[in-house]
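Asks: Any chance you can model this:
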Amino acid sequence: MASSSSSSVEKRFKHDVYLSFRGEDTRKAFTDHLHSALEQQGIRTYKDDETLITGESSIKSSLFKAIEESNFSIIVFSKNYASSSWCLDELVKIMECHNTTNQIVFPVFYHVEPYEVRRQTGAFGEAFAIHNNKIEAAKWREALLQAANLPGWVLQKTAADGHPAKVIKEIVGHISSKLPIRPTNEEIYLNQVGMEARVKEFLSSLETDFGDDALMIGITGMGGIGKTTLARTIYQQISYQFDGSSFVYNVREVSKSSGLCLLQKTILSDVLHQSIIVTSVWEGTAMIKRRLRDKKVLIVLDDVDHLDQLKALAGRPDWFKAGSRILISARDKHLLAAHGVQRIHTVGLLSHEEAICLFSRLVFQTDAPVQAYKNLSLVAVHQAAGLPLAIKVLGSYLHGKSEHEWMSALKRLGTYILNEIGETLEESFIQLDYGFKEIFLDVACLLKGLLKDDVVRILESCGYYARVGLIDLEEKSLITINDSQCVVLHPLLEEMGKDIVRRMHLNDPNRHSRLWILDEIERVLAENLGTEATEAIGVDSPVKPSSEVVTIGFGSMKNLRLLRVVSEIDDDCDEKIGQTIPNFPNALCFLSWVGYPCWSLPKTFEANNLVALEMPYSRIIQLWEGGERKILNKLRFLNLRHTQLRYLDLALTPNLERLELEDCNRLVELVTPDGCLRRLVFLNLSGCSRIKSFRFIKQLESLEVLCLSRLYLKKFPDIIPGNYYSRLLELQFGYNNVKEVPSSIANLQKLVRLDFHSCRKLKSLPDSICALQHLRNLKLRGCILEDLPQDIGRLGCLEKLNLAHTNIKHLPGSICMLKDLKSLNLSSCWNLEKLPGDVGRLECLQELVLTECTQLRDIPESICKLKSLKHLSLSGCIHLEKLPKELELLVSLEVLNIKGICIRHLPRSMSFLTRLNSHVPKRVQVCGFDP
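Replies: Here you go, the predicted structure:
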């Protein structure tokens with residue numbers, strides 16, 4: 001399959017069998033009877049005396065075309081077969097198709113022996129003798145030798161005792177068993193939507209990279225997404241290309257109920273067309289390896305869920321002949337990878353248009369909804385969220401119902417779908433380890449849509465192996481990490497998870513392990529209905545704070561480990577609530593309360609298990625009630641952004657890893673004894689403008705990210721260690737009033753991101769900054785820099801350089817040495833007069849922004865060498881009078897913005913920029929008049 005062209009994938013034979021025979025020997029006897037028997041079995045057979053077009057000149061080409069269009073050829077060798085040069089030419093063509101296109105050829109030796117055909121002896125040899133002096137004799141002999149060596153039937157010496165009727169029955173039976181079931185494309189794709197494109201994509205992906213080796217391909221995706229349908233469709237379309245094929249349905253269930261021996265027997269019997277007995281898994285494995293190693297096979301193993309199944313049924317690709325394809329559908333990507341599957345194909349959800357079309361075909365027998373049901377159909381399809389199985393269930397349920405019945409049914413569609421396909425969806429969940437089940441339920445009920453890193457932090461706080469768990473859930477198609485690095489899951493999987501929680505205490509919702517519905521949470525807290533079964537509470541909608549909720553709401557939840565609540569943020573909140581003493585359970589591991597309405601945490605809260613405390617935008621003035629000092633040895637994450645906190649003793653949090661105090665503008669003092677915070681990795685003090693001393697930062701030996709923006713410092717703080725062992729990767733120092741940066745900045749050798757955004761008094765950078773060999777992102781936007789260090793080109797890893805709104809006049813020539821630079825932003829550099837002539841050396845540059853560079857008069861021609869450039873903005877460069885001539889060399893350019901520039905002519909070369917999404921104005925201003 002990998003070696004076949006795409007056209008071969010689509011090939012359909014016009015004839016099943018081509019009959020080659022000598023008419024005077026067998027036409028009125030054996031051949032006529034064989035032809036009739038084949039046709040009676042529905043086997044399309046080409047027999048030249050019935051189907052040839054008249055006209056001698058076209059006969060041979062018609063015969064050869066018929067041979068090429070046949071799946072099988074049967075050659076009836078008889079006494080006078082070799083006397084006909086016509087028959088011998090047919091034979092040569094047949095053997096050519098056998099050798100080049102794998103046409104299956106069966107010889108029948110009618111009253112002659114195979115050795116007579118092979119050696120051209122006896123009566124057969126006498127018939128051939130008349131051709132001995134002909135030029136074609138050599139190739140005819142070769143074709144006779146090759147054909148006579150193939151397995152076939154000898155009338156005098158067969159198991160059927162040579163009786164023609166019995167031999168014909170045997171031939172027809174054998175051809176029938178070999179003949180693949182080849183439905184037409186119309187039959188294959190009947191009532192399927194989007195499948196043909198998916199099949200083509202799947203098959204085309206196998207055309208490259210793997211040559212003609214035997215190959216295992218995985219098909220994965222969530223339950224009900226169409227893995228089996230895709231595999232079955234592929235099987236129907238290409239199985240005829242193989243020596244043998246087998247589709248093994250429902251491996252998971254059959255292996256449990258009937259054992260692996262039955263599945264091994266199925267494969268062997270299907271491929272070999274024999275009834276095979278398998279007495280043990282070991283024997284079955286040995287038989288598959290031994291009996292199929294010389295066969296090019298297509299085997300589909302559907303719904304595999306255990307490695308033992310794969311080891312028994314298709315242990316390795318080399319069990320099978322080159323060109324074999326083993327398709328394995330499974331929900332677990334890790335299972336496929338562990339078995340060494342070379343390529344894994346993930347089945348996607350249906351698009352909205354495909355979902356509407358499939359639903360309409362099922363309900364209305366049309367490709368679009370009936371107008372009266374259009375809006376109702378959109379609501380129904382939305383419930384299925386692109387899952388084919390759910391759409392089919394809905395289609396069956398709503399078909400034939402009246403509009404009134406639809407209105408009633410739509411109110412309970414979610415429940416109906418889950419009742420119908422919940423078992424299918426739950427199969428992946430059931431296979432999870434206990435801890436991973438708990439992770440899934442937390443994600444489904446409480447954490448869906450959050451950033452992956454935040455989910456990991458929350459779950460690790462609760463004692464789970466979150467990173468490994470999320471990987472396992474994603475491999476089992478239960479969740480997805482999207483392009484924004486958020487944890488998402490299909491709405492039906494989310495509903496499944498919530499249903500699992502509900503079913504644990506179906507008649508007692510107050511005992512649900514997780515609470516996520518706002519009304520339910522408010523009721524449970526206000527009326528103190530929580531129980532020891534409550535493990536987690538999480539809701540994104542604001543909870544109305546009340547003294548009752550805060551004081552008694554958590555009293556009965558002794559095992560609450562996760563609390564994630566958002567309160568309505570109100571500066572005029574009731575003073576009584578602020579003074580309230582909450583009643584937090586000591587079991588809490590993760591406590592997040594955005595807008596926490598109280599002034600402190602209660603001293604009755606031991607917090608011995610607390611790993612993460614997040615209370616941004618809260619009314620906290622001091623951490624503990626009455627100034628209590630509690631050592632929180634387990635606390636790793638502390639977020640008190642935008643609070644009224646005035647004092648924080650960090651000696652009480654010795655194992656802190658992440659500290660966020662952004663915009664705590666009343667914070668005056670951080671107590672940081674020597675040796676504390678050795679594990680701190682992330683520190684955000686941006687906006688904490690009342691803090692005076694930052695010397696403690698030099699002691700933070702594990703620190704990787706430091707945010708000190710908006711402090712309005714006049715002098716760079718003493719934060720840089722006196723050696724090169726700093727682990728700092730990112731320093732944010734924007735909106736400060738420093739005039740210079742110390743040369744010791746070079747000690748931050750591992751720095752990757754450096755931000756001096758809007759340091760409006762910063763005029764220059766030290767030359768030592770060029771020693772930061774790992775720096776990738778340098779942001780100087782809004783500084784008053786006039787020059788860059790001459791050796792800026794030494795920043796060999798730099799990818800982004802933002803110089804927008806600076807006073808730069810000239811760029812140093814060494815900037816063209818930045819081989820990894822991808823983005824250069826010079827927008828609103830009003831003093832910039834020119835670019836370096838060698839700017840074309842920036843071979844990786846993808847974005848060049850020169851917007852509002854009002855003094856720029858010329859663009860170097862070398863810019864046309866930027867093969868990677870995708871975005872070029874020159875808008876507002878009012879003194880720019882021409883563009884480079886060879887713009888067509890910018891083969892990657894997608895966006896060109898030249899609004900507001902004065903040019904007389906656009907280069908003709910612009911017409912060759914095929915990828916350009918031009919932002920050229922419809923009427924180009926040319927020095928105040930139209931061109």
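
Asks: how far does stretch 616-636 stretch from start to finish?
Replies: Terminal residues of stretch 616-636 are spaced 16 Å apart (Cα to Cα, to the nearest Å).

Asks: Show me how far that stretch is from its chain's centre.
Replies: Here the centre of stretch 616-636 is set off from its chain's centre by 43 Å, with Cα atoms, centre = their mean, to the nearest Å.

Asks: got the buried residues for that stretch?
Replies: Going by neighbour count (16 or more other Cβ atoms under 10 Å), the buried part of stretch 616-636 is 616-620, 622-625, 630, 632, 635-636. (Glycine included, C-beta is placed from N, CA and C.)

Asks: Identify the farthest-apart pair in those.
Replies: The span of the buried residues of stretch 616-636, defined through Cβ to Cβ, is set by 619 and 636 at 24.2 Å.

Asks: show me where the stretch 751-900 of the chain has strands.
Replies: 753-755, 777-779, 800-802, 823-825, 847-849, 871-873, 895-897 (DSSP state E, counting those that start in this stretch).

Asks: for the record, mean pLDDT for the first one?
Replies: Think strand 753-755. Across strand 753-755, pLDDT averages out at 98.

Asks: Which other helices and strands does that strand contact?
Replies: For strand 753-755, the elements it packs on are strand 730-732, strand 777-779, judged by 3 or more Cβ pairs under 8 Å, 6 or more residues apart in numbering; DSSP states H and E.

Asks: how about these in JSON lines, adding distance to residue 397?
Replies: Below are the helices and strands packed on strand 753-755 laid out as JSON lines (distance: least, Cβ to Cβ, whole Å):
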{"stretch": "strand 730-732", "distance to residue 397": "54"}
{"stretch": "strand 777-779", "distance to residue 397": "54"}
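
Asks: For those strands, give me a markdown table that also has mean neighbour count and distance to residue 514.
Replies: Formatted as a markdown table, the helices and strands packed on strand 753-755 follow (neighbours: other Cβ atoms under 10 Å; distance: least, Cβ to Cβ, whole Å):
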| stretch | mean neighbour count | distance to residue 514 |
| --- | --- | --- |
| strand 730-732 | 20 | 36 |
| strand 777-779 | 20 | 40 |
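
Asks: Just the strands from the stretch 51-200 of the chain, written as ranges.
Replies: Going by DSSP E, counting those that start in this stretch, the stretch 51-200 of the chain shows strands at 70-77, 104-109, 153-154.

Asks: Could you tell me the least trusted of these?
Replies: The lowest average pLDDT among the strands of the stretch 51-200 of the chain, as it happens, falls on strand 153-154, at a mean of 90.

Asks: Can you give the strand pairings for that one, parallel or anti for each?
Replies: strand 104-109 (parallel) (DSSP bridges).

Asks: by how many degrees do the strand it pairs with and strand 70-77 diverge?
Replies: Strand 104-109 runs at 20 degrees relative to strand 70-77, counting by axes from the mean of the first three to the mean of the last three Cα atoms, to 10 degrees.

Asks: circling back: and which of the buried residues of stretch 616-636 is nearest to residue 711?
Replies: Among the buried residues of stretch 616-636, and counting by Cβ to Cβ, the member closest to residue 711 is residue 616, at 19.0 Å.

Asks: which one is that closest one nearest to, not counting chain neighbours?
Replies: Nearest non-adjacent residue to residue 616, counting by Cβ to Cβ, 6 or more residues apart in numbering: residue 641, 4.1 Å away.

Asks: returning to what we had before: please identify which of the helices and strands packed on strand 753-755 is closest to residue 332.
Replies: Closest to residue 332 of the helices and strands packed on strand 753-755 is strand 730-732 (Cβ to Cβ; 36.7 Å).

Asks: Point out the other helices and strands that the closest one packs with.
Replies: Partner elements for strand 730-732 (3+ Cβ pairs under 8 Å, 6+ apart): strand 705-707, strand 753-755.

Asks: ok, and what's touching the last one?
Replies: Residues external to strand 753-755 that are found in contact with it (Cβ atoms under 8 Å, 6 or more residues apart in numbering): 709, 729-734, 772, 775-779.

Asks: same deal with the first one?
Replies: Outside strand 705-707, the residues within contact range by Cβ under 8 Å, 6+ apart are 662, 681-686, 697, 719, 728-732.

Asks: One more pass at 10 Å, please.
Replies: 658, 660-662, 680-688, 694, 697, 700, 719, 726, 728-734, 748, 752-753, 755 (Cβ atoms under 10 Å, 6 or more residues apart in numbering).

Asks: that older thread, show me which of the contacts of strand 753-755 is closest to residue 150.
Replies: residue 776 (66.0 Å).

Asks: number of nearby residues for the closest one?
Replies: Residues near residue 776, counting by other Cβ atoms under 10 Å, number 19.

Asks: looking at it, it is touching residue 750, isn't it?
Replies: No. Between residue 776 and residue 750 there is no contact under Cβ atoms under 10 Å: 11.4 Å.

Asks: shared neighbours of those two, which are they?
Replies: The contact lists of residue 776 and residue 750 share residue 729, where a contact means Cβ under 10 Å, 6+ apart.

Asks: Which residues are in contact with the closest residue to residue 338 other than its chain neighbours?
Replies: Nearest non-adjacent residue to residue 338, counting by Cβ to Cβ, 6+ apart: residue 307, 6.1 Å away. By Cβ under 10 Å, 6+ apart, the contact list for residue 307 reads 332, 334-336, 338-339.

Asks: coming back round to it: of all the strands of the stretch 51-200 of the chain, which one is nearest residue 141?
Replies: Per Cβ to Cβ, nearest to residue 141 of these: strand 70-77, 13.9 Å.

Asks: tell me which residues of the closest one are tucked away?
Replies: Those would be 70-77, for strand 70-77 by 16+ other Cβ under 10 Å.

Asks: Now tabulate the helices and strands packed on strand 730-732 in CSV and tack on distance to residue 172 and mean neighbour count.
Replies: Formatted as CSV, the helices and strands packed on strand 730-732 follow (distance: least, Cβ to Cβ, whole Å; neighbours: other Cβ atoms under 10 Å):
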stretch, distance to residue 172, mean neighbour count
strand 705-707, 77, 21
strand 753-755, 76, 20
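
Asks: Kindly reformat those strands as a markdown table containing distance to residue 885.
Replies: Shown next, in a markdown table, are the helices and strands packed on strand 730-732 (distance: least, Cβ to Cβ, whole Å):
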| stretch | distance to residue 885 |
| --- | --- |
| strand 705-707 | 47 |
| strand 753-755 | 38 |
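
Asks: mind checking which of these is nearest residue 590?
Replies: Per Cβ to Cβ, nearest to residue 590 of those: strand 705-707, 21.3 Å.

Asks: mind listing what that closest one pairs with, with the direction of each?
Replies: By DSSP bridges, strand 705-707 pairs with strand 682-684 (parallel), strand 730-732 (parallel).
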